[in-house]
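# here is a sequence with its predicted model. Questions after.
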Amino acid sequence: MAKINWAILGTGVVANEMAAALTNAGKEIYAVGNRTRSKAVDFAKKYGIQKVYGDFHEMFSDPAVDVIYITTPHNTHIEFMKEALKNGKHLLTEKSITLNSDELDEAIALARENHAVLCEAMTIFHMPIYRKLREILDSGKLGRVNMITMNFGSYKEYDMGNRFFNRNLAGGAMLDIGVYAISFVRWFMESKPTKILSQVKYAPTGVDEQATILLQNELEQMATVALTLHSKQPKRGMVSCDKGYIEIMEYPRAWEATITYTGDGHTEKIAAGDHKEALKYEMEDMELAIRKESDNTYLEYTKDVMDIMTQIRREWGMYYPEEEK
């Protein structure tokens with residue numbers, strides 16, 4: 001495939017980031033679609049996009065479209081994904097890729113049936129720093145991973161109409177920031193966590209405002225995750241091993257990490273990639289998978305993370321309107 005035609009569904013902040021990344025990489029954005037056509041027209045003018053759909057659903061069956069980047073709210077993803085996958089379109093879908101495991105399983109089956117590449121736009125699976133750290137861990141120089149500690153919190157005003165707290169937009173900490181934290185855990189664990197404990201504090205709208213999670217896999221590697229939408233926390237991840245520990249700040253779009261060796265206390269700075277190029281790395285992995293040159297979609301990790309989030313929410317008894325139908 002000499003040229004891959006991209007289409008973008010949605011025109012928000014992350015859609016603009018990907019359009020800029022594609023343009024800077026010399027890629028072709030063939031089309032854009034949005035519920036509000038005037039926004040799609042403005043977006044197309046900004047990035048020199050040739051095709052604007054009168055009805056964005058036309059994107060899913062347009063034979064000129066190879067891959068679609070879906071940036072709409074995550075409670076809308078599955079219906080768009082099903083329509084696109086049935087037409088054999090490759091999909092790069094923003095996180096959270098679906099609302100729950102049942103939806104994701106349906107999408108994976110459709111992707112396989114229609115020979116389409118399906119990938120979640122999860123920065124942690126594509127940024128160079130995480131791959132570099134995995135190489136270091138795989139070398140054995142730090143010994144075994146024993147414990148992972150995650151913090152992710154931001155202060156959001158108590159505006160219950162805001163998407164972060166809006167149940168009708170699948171708001172809440174788990175699907176908004178928890179997906180990053182649990183993806184980080186899964187990246188550094190050798191297998192999927194099978195023992196899960198959690199506790200939750202709800203916002204007045206009934207979505208999860210704050211949560212703490214304990215995870216353990218069959219190898220007895222453990223993780224703690226602290227999430228909040230109403231208190232600022234440092235974006236910090238720590239991977240503790242036999243012979244040292246890794247600290248990563250400003251994840252998920254990290255570009256450096258510090259390793260402290262517990263034997264003598266000396267530290268080592270590890271750097272790889274550029275946080276400004278986060279979406280470029282996702283796009284590059286997607287194109288390589290479409291061309292069948294490599295498969296760095298990490299769909300199996302996406303599924304593990306979705307299974308964990310779904311199990312936790314079901315144990316809480318917290319469901320979104322789409323799940324109650």
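The structure has been received and is ready for your questions.

# which SS class is the residue of the chain most remote from its centre?
Distance to the chain centre peaks in the chain at Asp264, reaching 36.7 Å (criterion: C-alpha atoms, centre = their mean). Using DSSP: H, G, I helix; E, B strand; the rest coil, the structure places Asp264 in coil.

# can you give me the strands in this structure?
For the chain, strands defined by DSSP state E occupy the ranges 6-9, 29-33, 51-52, 67-70, 90-93, 118-120, 145-155, 193-202, 208-217, 222-228, 230-241, 244-249, 256-261, 267-271.

# possible to save the ones you listed as JSON lines with distance to Phe60 and mean neighbour count?
All C-beta atoms are positioned from the backbone trio N, CA, C, and that covers glycine. Listed next are those as JSON lines, based on distance: least, C-beta to C-beta, whole Å; neighbours: other C-beta atoms under 10 Å:
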{"stretch": "strand 6-9", "distance to Phe60": "9", "mean neighbour count": "27"}
{"stretch": "strand 29-33", "distance to Phe60": "9", "mean neighbour count": "24"}
{"stretch": "strand 51-52", "distance to Phe60": "13", "mean neighbour count": "18"}
{"stretch": "strand 67-70", "distance to Phe60": "7", "mean neighbour count": "25"}
{"stretch": "strand 90-93", "distance to Phe60": "10", "mean neighbour count": "26"}
{"stretch": "strand 118-120", "distance to Phe60": "14", "mean neighbour count": "26"}
{"stretch": "strand 145-155", "distance to Phe60": "33", "mean neighbour count": "18"}
{"stretch": "strand 193-202", "distance to Phe60": "35", "mean neighbour count": "15"}
{"stretch": "strand 208-217", "distance to Phe60": "32", "mean neighbour count": "20"}
{"stretch": "strand 222-228", "distance to Phe60": "34", "mean neighbour count": "22"}
{"stretch": "strand 230-241", "distance to Phe60": "35", "mean neighbour count": "18"}
{"stretch": "strand 244-249", "distance to Phe60": "37", "mean neighbour count": "19"}
{"stretch": "strand 256-261", "distance to Phe60": "40", "mean neighbour count": "17"}
{"stretch": "strand 267-271", "distance to Phe60": "40", "mean neighbour count": "12"}
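
# what's the closest of those strands to Tyr298?
Smallest distance to Tyr298 across those (C-beta to C-beta): 7.7 Å, for strand 118-120.

# tell me the mean pLDDT over the closest one?
With pLDDT averaged residue by residue, strand 118-120 scores 98.

# columns distance to Arg131 on top of the strands of the chain, output as JSON lines?
Below are the strands of the chain laid out as JSON lines (distance: least, C-beta to C-beta, whole Å):
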{"stretch": "strand 6-9", "distance to Arg131": "24"}
{"stretch": "strand 29-33", "distance to Arg131": "27"}
{"stretch": "strand 51-52", "distance to Arg131": "35"}
{"stretch": "strand 67-70", "distance to Arg131": "22"}
{"stretch": "strand 90-93", "distance to Arg131": "18"}
{"stretch": "strand 118-120", "distance to Arg131": "16"}
{"stretch": "strand 145-155", "distance to Arg131": "16"}
{"stretch": "strand 193-202", "distance to Arg131": "21"}
{"stretch": "strand 208-217", "distance to Arg131": "21"}
{"stretch": "strand 222-228", "distance to Arg131": "20"}
{"stretch": "strand 230-241", "distance to Arg131": "14"}
{"stretch": "strand 244-249", "distance to Arg131": "13"}
{"stretch": "strand 256-261", "distance to Arg131": "12"}
{"stretch": "strand 267-271", "distance to Arg131": "11"}
